[in-house]
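1. no sequence on this one, just coordinates:
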């Protein structure tokens, strides 16, 4: 969802059509950070909006740490994920994947597989979803999709048991006509490199922000540059008193969600029902309806529990199409969950980067210009751009960024938690640290001068007052001995994207029970709990009394969960529905209670009279007086109140590391994470998400690396033992400090946290801490012992090939 | 549920389609793994041909399904499984116990942790037949049916020691096994106990806190 161009921003603006002026009211809202900058601001809001909420300390359920709605279901193993769905007569499907990195498929012989006694159906893939698509399709006349990476699905078989499916998949004979391939980023950039596509190709974006720009030139495998220009960069760098420059390299990371991508598809004449492990039930429905030319009313997608996505799980995917096609063909429900190897190869990754960054500044720190040239590979997809932090963190006189996607014969990249930002911040925030060194300035002081974000200013103050920051020795490499300690600081940025496709329904039943419904999916971030808290706040009953129904396209349309949009987009709709339902409820029962609706309020599980004329009645007893069995209100998202503001979120992270200079090992001991997520709706859940961002950031910076053998084009570590992610032993002590930051934008004033949390800035914080420890900058991830030792031996290393 | 009696012969027509050693092949080739060799008591050969071909006094199984008895969560379950069936598959597909997840399917992430005689094991790299004669405990059996949740489960919820929840049942099984043998764990002990349990959402700090809190509560009871 990240906005790449002004045109896209305008389109989004147009979609949020303003309400009529006459329907507005003027309200006073809390804005700023309590204890630092809190004040009131006026907003003109739709007259139907619920009353303004005070800051969290004055609310009952919202803003409090409430136990996760489905916590016990998960802790007891009762939670049913897509992988756990079992239907009568269900078949198990298995993909046949390309064993070569680049080839024309000449023939697919499925006859032996079809003869396997367990097999009920075979499907040959017609369209390779996820791969970039040729602008001029006539450049490639093929019967089957061209293989552009090893692991690309070619066919799928459905059989009565998983073992039978596996056996039958091995019987499918694929005849390839090999095409020269290229894996290595530097080699793919060469003018004589084997082309991954026979012409210019583009990848479609996803709701989570995958895919790159489509209107750029392509030269060989180089898709780009996409250029952003503000002011005159050459002039700006000339006017600088100091220029710092760095060459930064980051690796390809895979999402590695524990539940793999997959679906169970049940094709019936009247309805295609699909259980999907997805971040967007609506995106799956839309793609399946489009692919099979079904009315959307006849496609239902269900995601009750979801085992992690991190940006990679949008749309139907090759597996969704194959499972639905096999279900149609066989008349039986079909389960197709990818295995771990397929998960690494074929359903997305965070692209690599190779960045050259120059920053010019005046003696007082003022930035004159930022110049970034980046290359990165999203395999046979696009989306390796990483200029977000350079363009959006600091004020500068001039900016020039050139982002290039380089096609290679590897699986297509897709959105991954804060697309482009961890690599971008890794380079930018280390270069800013370099600048502070060169100007002999404290890194926080430098940022105070060049960063205008009001909340990050508060966050730096929190850092300044922390014991961790106070313990930092400003002199780099000052420790004696083989294990040197260092502390480093870095900042993050993310953006406020609102999904207007956000609606919810609240139902009050005659027995006093209350439900809230939306097709939104809870991907582990806790939206179910937050929905319950909001309805509880409005009805004055505890959140555990609210039934939450999500993850089903039968419910009112909710947002896809990408780009940190879910909570900030959906919660105003939930609150509006709950507020209106509560008002209807009071109007409905007032006569029977002998009161006027205006005199009634819902507090502490009771209906109370504000004037005291009436004795309080238990909510349940009052509900029994409803005229109908149910009161239901459906509401949709109202546009943000003040759209003249361009809003970004920021966080800051401080890392403490120990670097063993003899063996090159980095250990991250502690991380202090100070973050802005607007009004924290449930602080305990927000902290969980930030912990996760920090741990993923450590993982990205120190361990993870998708390795492909350049001679064979095959991934050598498509598993979870050689593709190393952070485990319990490498997890630092993490301290999270939430900064409540009110912005006066909606009836809940919620913001997002998923992207800004840790993942963006932890890499650079570790890099800066390593510099502080050893006096040498490590400009390449993952910072393995070999990379650290190479940096120690040669302060300005080239790319170290592992 | 697929009908195991309709199982096809498991040999592919041509082995050359699967070069190298598959995990299943390795398990079969390595014979009985960690759980030992005395486990086949109580197994009845399902395939007549196989049984007929076996030397006297030796029971051979496979490649077709055999009827075996598994003790899971204190109950005996008769299941018909092929010898290559892993314990994770038997639990999930044959017994419908979906709390045990399959994540890496090769013993690298501990997402499938169950107990074998109260010892945590990776059920994806344990053959179901190796569990014969042993007590298998899954997340479904951690607390008695219908009873209060295990104190550790309550602590996981209280401390929000879960996000997407996919690693959680296995995480709970590993931590509960630690508490069985060490009622006074330190944070380092918890880190060691779950050093094989991967969590992609990054919930480890709260797992540490929840386990230490549960240990505290259990000592007081």
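-> Yep, that arrived. These figures come from a predicted structure and were not determined experimentally.

2. what segments of chain B are strands?
-> Along chain B, counting by DSSP state E, strands occupy B:66-72, B:75-81, B:113-116, B:119-122, B:135-137.

3. from the chain's centroid, how far away is the second one?
-> Read that as strand B:75-81. 14 Å (Cα atoms, centre = their mean, to the nearest Å).

4. show me what that strand is packed up against.
-> strand B:66-72 (3 or more Cβ pairs under 8 Å, 6 or more residues apart in numbering or on different chains; DSSP states H and E). Where you see a C-beta, it was placed from the backbone N, CA and C, and this is true even at glycine.

5. got the buried residues for the strand it packs on?
-> Within strand B:66-72, the residues that count as buried by 16 or more other Cβ atoms under 10 Å in any protein chain shown are B:66, B:68, B:70, B:71, B:72.

6. and that strand, average pLDDT?
-> Mean per-residue pLDDT for strand B:66-72: 96.

7. do that strand and chain A meet at all?
-> No: between strand B:66-72 and chain A, judged by Cβ under 8 Å from any Cβ of the partner chain, nothing touches; the nearest distance is 13.1 Å.

8. could you pick out the residues of the stretch 501-650 of chain A near chain B for me?
-> Proximity of the stretch 501-650 of chain A to chain B (Cβ under 8 Å from any Cβ) is limited to residues A:523, A:524, A:525, A:526.

9. which one of the strands of chain B lies closest to residue A:691?
-> strand B:113-116 (21.7 Å; Cβ to Cβ).

10. paired strands for that closest one, with orientation please.
-> Strand pairing for strand B:113-116, using DSSP bridges, gives strand B:119-122 (antiparallel), strand B:135-137 (antiparallel).

11. tell me how many other residues crowd the closest residue to residue A:213 other than its chain neighbours.
-> Leaving aside its chain neighbours, residue A:213 sits nearest to residue A:226 (4.5 Å; criterion: Cβ to Cβ, 6 or more residues apart in numbering or on different chains). Neighbour count for residue A:226, taken as other Cβ atoms under 10 Å in any protein chain shown: 22.

12. which ones are touching residue A:226?
-> Going by Cβ atoms under 8 Å, 6 or more residues apart in numbering or on different chains, residue A:226 touches A:4, A:212, A:213, A:216, A:385, A:402, A:403, A:404.

13. can you rerun that using 10 Å?
-> Contact analysis of residue A:226 by Cβ atoms under 10 Å, 6 or more residues apart in numbering or on different chains lists A:4-5, A:212-217, A:374, A:382, A:385, A:387, A:401-405.

14. now whatever residue of chain B ends up closest to chain A, nearest residue through space, not along the chain?
-> Nearest residue of chain B to chain A: residue B:99, at 2.2 Å (Cβ to the nearest Cβ). In this structure, residue B:99 finds its nearest non-sequential neighbour in residue A:77, 2.2 Å apart by Cβ to Cβ, 6+ apart.

15. secondary structure element for the one you found?
-> For residue A:77, there is no host helix or strand (DSSP states H and E).

16. and if you look at residue A:768?
-> Using DSSP H and E, residue A:768 falls within helix A:762-774.

17. centre-most residue in the chain?
-> Went with chain A since none was named. Chain A has residue A:417 as the residue nearest its centroid, 3.6 Å off, counting by Cα atoms, centre = their mean.

18. one more: chain B?
-> Centroid-nearest residue in chain B, with Cα atoms, centre = their mean: residue B:123, separated by 2.7 Å.

19. all the helices of the stretch 301-450 of chain A, residue numbers only.
-> For the stretch 301-450 of chain A, the helices defined by DSSP state H, counting those that start in this stretch cover A:317-330, A:340-346, A:388-392, A:421-438, A:443-450.

20. and for the stretch 601-750 of chain A?
-> Taking DSSP H, counting those that start in this stretch as the criterion, the stretch 601-750 of chain A carries its helices at A:619-623, A:683-702.

21. in TSV, list these along with mean neighbour count and mean pLDDT.
-> Shown next, in TSV, are those (neighbours: other Cβ atoms under 10 Å in any protein chain shown; pLDDT from 0 to 100):
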stretch	mean neighbour count	mean pLDDT
helix A:619-623	19	97
helix A:683-702	27	98
